[in-house]
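**Student:** the following block contains a protein sequence and its predicted model.
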Amino acid sequence: MDNELQCCTTLMRTADKMGAQLRKSAPAEEVAKLQGLTEEYQRLWKDIKRRIRQYRKQWARETVSGLRSLKAIVKDAV
């Protein structure tokens, strides 16, 4: 999954660069709209990364808890 996130991060950087170039060549009345769209996808990407980190932490806690329970069950069975 980390490779996918890195790939997406690279893609986002490319989009940022392209957006900056587009804003430079866009008519003045379009610049604010383009900036708003850029900020929106940046917020969405930040939220996605935050959620992925949360889910990973939750998964790790649940895995550790499950392994502890399994270890206790095996210990009791022996």
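**Tutor:** Structure received.

**Student:** and residue 64, how many residues sit next to it?
**Tutor:** The burial count assigned to residue 64 is 10, neighbours taken as other Cβ atoms under 10 Å. The C-beta positions use only the backbone N, C-alpha and C, and glycine is treated the same way.

**Student:** dump the residue contacts of it.
**Tutor:** Residues touching residue 64, when contacts are defined by Cβ atoms under 8 Å, 6 or more residues apart in numbering, are absent altogether.

**Student:** confidence score at it?
**Tutor:** pLDDT, the model's per-residue confidence, is 89 for residue 64.

**Student:** which helix is the longest one in the protein?
**Tutor:** Counting by DSSP state H, the longest helix found in the chain is helix 28-77.

**Student:** state the number of residues packed around residue 12.
**Tutor:** One way to gauge burial is a neighbour count; for residue 12, by other Cβ under 10 Å, it gives 16.

**Student:** relative to residue 27, how far out is it?
**Tutor:** From residue 12 over to residue 27 the distance is 25 Å, taken as Cβ to Cβ, to the nearest Å.

**Student:** again with residue 44
**Tutor:** Remark: distance between residue 44 and residue 27 (Cβ to Cβ) = 26 Å.

**Student:** quick one: which of the two has more around it?
**Tutor:** residue 44 (11 against 6).

**Student:** pull out the buried positions in the host helix or strand of residue 8.
**Tutor:** With secondary structure defined by DSSP states H and E, residue 8 is part of helix 2-25. Applying a neighbour-count criterion of 16 or more other Cβ atoms under 10 Å, one finds 12, 19 buried in helix 2-25.

**Student:** pLDDT (mean, whole number) over it?
**Tutor:** Confidence over helix 2-25, taken as the mean pLDDT, stands at 90.

**Student:** what do you get for stretch 50-60?
**Tutor:** Throughout stretch 50-60, pLDDT has a mean value of 93.
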